[in-house]
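Student: predicted model follows, preceded by the sequence.
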Amino acid sequence: MSVPENAIVINTYPNNPEKMDMLDRGVSSFKKLGLPIVVISGCDIDSHIVKNIDYLIINREKFVLPKQYMRWCNTMRNNNNDICCSYFHVAHKEVFSYNSNFNVTIARNMKLVFSFLKSIGVESAFYTEYDNIFHEPSFDVIRENLRLLNEASIKMACTWGTMETGQNMIFTCMFFTNVDFFLKHFELPTSTDGWYDLNNLIKYDLHRSYEESFYKSFEHVRDQTKNIIDEYRQWIYDDRFVTMNLSSRYDSMSWRLESNFNVYEDMWTKEINFVAYNMCSLSTPNKDIHVLVEENGVVRINKIMNDSHWWQFPVRNDSVVKVTLDGKYTKTIDVSDIESIRDNGFTQSDNI
């Protein structure tokens, strides 16, 4: 096989039929572009999809940074609450809800796939995630940006932006890059120990979102990049070019249960409260859910909860709280385990 100058990279973890179908659609569309397709996956892929892939990398390593990681980050940063977590208001309280994440795995897979591209001689690549389906009208933009990377001083074409909090970031769901340039400047840790390293925490803002940490790797070479924000906006708002973000973890009932139905300690008053918040995205299919909350076997809540509604009430510090959503998603919270409660996050009264 001759060495390809450019390639398409798809990062995926198709662990259910819906995600497998998204990958199938994406691969089938990219075949029309005529570039080699490299897929890196965390699990096996259906054989009929593999036939359309030029290179397949399966990395079953799954490194999870637990909720305790964000608690550690906040402690290391003197509890200034500048952390990436679910944040919302209930009554007169701010709620900071810690979440687990796969940032180590994402960084590890990026390093792995671009190292592979270098090993086979690929010069530049377009990287995307599996839930973005690119259609033929987008192909001219893809070809032009890959040509630019190979012929000009520009070595990365990506979308620079800012978070709602004002921090700079790079959208990591898609970008173009010269392979050598990426490997030279991408320095995010690829091990769990690396994410717990205080120097890395400070240097790469590991307490923030992955997109913000990714930005820190390339901030000093921004003059060698091109901002494709205009193309990105066009792709977001026009499905003729790209069908984007078909998968969202925020739509998962298990994620909503784990992240937004919890017991928290107030940072200042030390009051213990159960807090429920039905946070939904625009794509969430089942926005209204039935919620059953029991404390020591006594029913506290048993009714339908609407989109974006919240409830909160104090609970005993020696009680057991059981939460059930839609009759089948269940978890039990031992309130007496105060360290576990603190791992959930915390509340902060507005009037303190």
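Tutor: Structure received.
Student: strands along the stretch 1-150 of the chain, start to end?
Tutor: Here the stretch 1-150 of the chain has its strands, by DSSP state E, counting those that start in this stretch, at 6-12, 37-41, 55-58, 86-90, 93-97, 124-129, 133-134.
Student: mind listing what the second one pairs with, with the direction of each?
Tutor: Counting by DSSP bridges, the strands paired with strand 37-41 are strand 6-12 (parallel), strand 55-58 (parallel).
Student: please name whichever of those is nearest to residue 100.
Tutor: strand 6-12 (18.9 Å; Cβ to Cβ). Just so you know, the C-beta spots here come from the backbone N, C-alpha and C atoms, and that holds for glycine as well.
Student: quick one: the closest one to chain centroid distance?
Tutor: Mean-position distance between strand 6-12 and its chain equals 18 Å (Cα atoms, centre = their mean, to the nearest Å).
Student: next, the contact list for residue 156, please.
Tutor: The contact partners of residue 156, by Cβ atoms under 8 Å, 6 or more residues apart in numbering, come to 149, 175, 176, 177, 178, 181, 182, 218, 221, 224, 225, 226.
Student: just give me the closest of those to residue 8.
Tutor: Nearest member of the contacts of residue 156 to residue 8, counting by Cβ to Cβ, is residue 176, at 10.4 Å.
Student: that closest one against residue 149, yeah?
Tutor: Yes - under the criterion of Cβ atoms under 8 Å, residue 176 makes contact with residue 149 at 6.0 Å.
Student: what is in contact with these two at once?
Tutor: By Cβ under 8 Å, 6+ apart, the residues touching both residue 176 and residue 149 are 124, 156, 157.
Student: tell me which of those is nearest to residue 272?
Tutor: The closest of these to residue 272 turns out to be residue 156 (Cβ to Cβ; 47.8 Å).
Student: for the stretch 151-300 of the chain, which segments count as helices?
Tutor: 179-185, 192-195, 198-204, 210-218, 229-237, 253-260 (DSSP state H, counting those that start in this stretch).
Student: got phi/psi on the nearest residue to residue 334 once chain neighbours are set aside?
Tutor: In space, and not counting its chain neighbours, residue 334 is closest to residue 320: 5.7 Å by Cβ to Cβ, 6 or more residues apart in numbering. Reported as degrees, to the nearest 10, the phi and psi values for residue 320 are phi -120, psi 120.
Student: same deal with residue 196?
Tutor: Residue torsions, per degrees, to the nearest 10, at residue 196 are phi -90, psi 10.
Student: can you report how many residues neighbour it?
Tutor: Number of residues near residue 196 (other Cβ atoms under 10 Å) recorded here: 16.
Student: how close does residue 153 sit to residue 226?
Tutor: Distance of residue 153 to residue 226, computed by Cβ to Cβ, to the nearest Å: 10 Å.
Student: more neighbours: the two, which one.
Tutor: Between residue 153 and residue 226, residue 226 has the larger neighbour count (other Cβ under 10 Å), namely 17 against 8.
Student: confidence score at the spatially closest residue to the more buried one that is not a sequence neighbour?
Tutor: Using Cβ to Cβ, 6+ apart and skipping the chain neighbours, the partner closest in space to residue 226 is residue 157 (4.4 Å). The model reports residue 157 with a pLDDT of 97.
Student: ok, what's across the strand from residue 157?
Tutor: Beta-bridge partners of residue 157, as defined by DSSP bridges: residue 176, residue 226.
Student: ok, it - contacts?
Tutor: If you count contacts by Cβ under 8 Å, 6+ apart, then residue 157 has 145, 148, 149, 175, 176, 177, 225, 226, 228 around it.
Student: check whether the second one really touches residue 154, as I assumed.
Tutor: Looking back up the chat, that one is residue 148. Yes - Residue 148 is in contact with residue 154 according to Cβ under 8 Å; the separation is 5.4 Å.
Student: between the two, which contacts overlap?
Tutor: residue 226.
Student: on that earlier part again, if you compare the strands paired with strand 37-41, which one is most tucked away?
Tutor: Stretch with highest mean neighbour count among the strands paired with strand 37-41: strand 6-12 (a mean of 23; mean count of other Cβ atoms under 10 Å).
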